[in-house]
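In: Model the structure of this input:
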Amino acid sequence: MGTQQNSPGTGPDLSDIDGLGYEQAREQLVEVVSRLEAGGTTLEESLHLWERGEALATRCEQWLDGARERLDAARARRENREQTASDAD
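Out: As a prediction, this is how the structure comes out:
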């Protein structure tokens, strides 16, 4: 994650976040939080870090929601198979 040079009032380029996997997004989020907690950044840099952190958190939530949906679907298939087997008995 490099330093982004933007004009005042413009946000950071967040287009790279959509292509990140869960682990990559989480690692970058941890880095952003660490940088914010350490302080020593300008107001503009802090705002850009915050915006990036929000986008990274959203990306992580998307991955987790997708994983939850897959688990729910797998459970439903298993329950359906068990019910079908039970009905056949």
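
In: Nearest spatial neighbour of the residue most central in space within the chain, chain-adjacent residues omitted?
Out: The centroid of the chain falls nearest to Cys60 when counting by Cα atoms, centre = their mean (1.8 Å). Nearest residue to Cys60 in three dimensions, chain neighbours excluded: Ala25, at 5.0 Å (Cβ to Cβ, 6 or more residues apart in numbering). Glycine gets a C-beta too; all of them are placed from N, C-alpha and C.

In: Scan the chain for its longest helix.
Out: helix 43-88 (DSSP state H).

In: avg pLDDT for it?
Out: Mean pLDDT, helix 43-88: 94.

In: Would you pull up how far that helix lies from the middle of the chain?
Out: Relative to its chain's centre, helix 43-88 lies at 10 Å (Cα atoms, centre = their mean, to the nearest Å).
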